[in-house]
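Q: Generate coordinates for the sequence data below:
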Amino acid sequence: MIFMKRALFLSAVLFLFACSSAPAQSGNEVAAKVGGRSITTKELDEKWAKDDPAAQAEATQKVYEGRRAALDAIVAEMLIAEAAKAKGTSVESFELSGRYGFHMMLIPFLNEVEELRAKMQAYFRARKAAGHDPSTARVLGVYHTYVGESTAQSHAAAAQGLAEYNSAAREAHNLTAGMADPESYRSHERHREQMKVLTFDELVDQSRVLAGTPAEVCDKLEYVRERLYLTDMAGNFALGGLTDAQTRASMRRFMEHVAPKMG
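A: Residues are numbered from 1 along each chain as shown. As a prediction, the model looks like this:
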């Protein structure tokens, strides 16, 4: 499943670069002079290819791969630097992703649906303005998910699992309590504080968590798919504190009763 793709302009650059695996030389460069004759690099390459084609092809491929890796690294550094300026989950970061033709991965657990929807609309406007077809965008929603036999049973199991998950997340964050978060992650502090006051029932009601019977999860998933323009969904079924049997049963119910209805 595709989570996020490199910017389309980068793909175009690499495509053009990949059209030829030969080093970028005209072939007319003079490599040596013997008497009154100039020997060009083109002649050397042709002679090399004739006398030892396997070695020549291998060397040429290594030059191509090295340059491609260097280009990839340089452009990635440029994108990371620019993305950091957009600061996390701000509208600017969504617009930046749209301009570069990125696909999107959303974490609705940390955000209100309508807040994310507004940011996604900004993403699509920026994507279209930059010349990228909005209909080709892939939008992945990642959800804590539990599908149970009844509402009460599924909520009890999911609440327990989510409590364990949040406890582990807090413990992990406390391990770096003396270290400041990167600037691009500062916006997550507001979301973390909000998570401390929201009850499990509120998380379910706000469609931040998918928990319930197959029919209830279907309804919730259809709702967030429409509101957030989702094309793909990833579920975290292995919530903390759940037994292997509980996790497998939840996944089985999802695949048998929910997934087929999603189309």
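Q: low pLDDT regions in this protein?
A: Within the chain, the stretches with pLDDT under 70 are 1-27, 72-73, 75-89, 180-196.
Q: Strands of that one, residue ranges please.
A: 30-34, 37-40, 104-106, 139-147, 210-212, 232-236 (DSSP state E).
Q: Which strands border the last one, and is each parallel or antiparallel?
A: Taking DSSP bridges as the criterion, strand 232-236 forms sheet pairs with strand 139-147 (parallel).
Q: Work out the gap between the partner strand and the centre of the chain.
A: Put simply, strand 139-147 sits 15 Å off its chain's centre (C-alpha atoms, centre = their mean, to the nearest Å).
Q: Send me it as PDB with only the CA atoms.
A: Written as PDB, here are the backbone C-alpha positions of strand 139-147 (Å, rounded to 0.1, in the frame of the first residue of the first chain):
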ATOM      1  CA  VAL A 139      -5.200   9.300   0.600                       C
ATOM      2  CA  LEU A 140      -4.500   6.800   3.400                       C
ATOM      3  CA  GLY A 141      -6.400   6.900   6.700                       C
ATOM      4  CA  VAL A 142      -4.800   5.000   9.600                       C
ATOM      5  CA  TYR A 143      -7.200   4.000  12.400                       C
ATOM      6  CA  HIS A 144      -7.100   2.100  15.700                       C
ATOM      7  CA  THR A 145      -9.700  -0.500  14.900                       C
ATOM      8  CA  TYR A 146     -11.700  -3.200  16.700                       C
ATOM      9  CA  VAL A 147     -14.600  -5.100  15.300                       C
END
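Q: what's the burial count for residue 159?
A: Other residues near residue 159 come to 20 when the count uses other C-beta atoms under 10 Å. C-betas here are computed from N, CA, C, even on glycine.
Q: that older thread, for residue 62, which of the strands of the chain is the nearest?
A: Closest to residue 62 of these, according to C-beta to C-beta: strand 30-34, at 19.4 Å.
Q: for the closest one, packing partners?
A: On a contact count with 3 or more C-beta pairs under 8 Å, 6 or more residues apart in numbering; DSSP states H and E, strand 30-34 meets strand 37-40, helix 41-51.
Q: Can you list the strands that the shortest one pairs with?
A: If you go by DSSP bridges, strand 37-40 pairs up with strand 30-34 (antiparallel).
Q: Any buried residues in the partner strand, and which?
A: For strand 30-34, burial by neighbour count (16 or more other C-beta atoms under 10 Å) applies to no residue.
Q: coming back round to it: ok, which of the helices and strands packed on strand 30-34 comes nearest residue 161?
A: Evaluated over the helices and strands packed on strand 30-34, closeness to residue 161 peaks at helix 41-51, with 62.0 Å, by C-beta to C-beta.
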